[in-house]
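In: Below is the sequence, then the predicted model.
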Amino acid sequence: MFRIKKEQMDHFAANTRRRFEDKTAAYLRAEHGQRVAHLKGDALAEWVHAAVDKASRFGVGTEPEATQLLLLLLLLGLDADERLPWAREVLTNRDLVALGKVRRLVRRARQHEVAGLDDVLVYEEMSDRRLSPAPVQQEEA
């Protein structure tokens, strides 16, 4: 029988995480350059690493949800869970799965009128409103 050792799994997990962090940093530079312009050199990679650590601690480990949470943290601040009681309450809620945490965090940010929120929402299913206009139906002649 074929067995994968814990060391091998750890190696695969570390490689997957590193690829995710690299891809996310490149995405942030390309799509949110103005929000990360202050993070020069390796500072963006370090910020992404810290944000992924934080997401993992809060049980947000799947890529779509982690990416959306990182974008929210980019807007709210990496220390949002420490500064904002409403963010802490959502992120530490053990009854919510990753998607529920992100959705609720978006909802709470909207309630607190966080500026720029719609600029960092990329996954419609994580928002409380439609992000792109509904397709227009063409009438047949």
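Out: Yes, it's here. Residues are numbered from 1 along each chain as shown.

In: now the helices for this protein?
Out: For the chain, the helices defined by DSSP state H cover 6-31, 33-36, 43-57, 63-76, 80-83, 85-91, 98-111, 117-120.

In: Pick the most buried one from those helices.
Out: helix 63-76 (a mean of 21; mean count of other CB atoms under 10 Å). Bear in mind the C-beta positions are built from the backbone N, C-alpha and C, glycine included.

In: How far does it sit from its chain's centre?
Out: Put simply, helix 63-76 sits 2 Å off its chain's centre (CA atoms, centre = their mean, to the nearest Å).

In: Same list, the helices of the chain, but as a markdown table with mean pLDDT please.
Out: What follows is the helices of the chain, written out as a markdown table (pLDDT from 0 to 100):
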| stretch | mean pLDDT |
| --- | --- |
| helix 6-31 | 89 |
| helix 33-36 | 93 |
| helix 43-57 | 96 |
| helix 63-76 | 94 |
| helix 80-83 | 96 |
| helix 85-91 | 97 |
| helix 98-111 | 93 |
| helix 117-120 | 90 |
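
In: Around residue 77, count how many other residues there are.
Out: 13 (other CB atoms under 10 Å).
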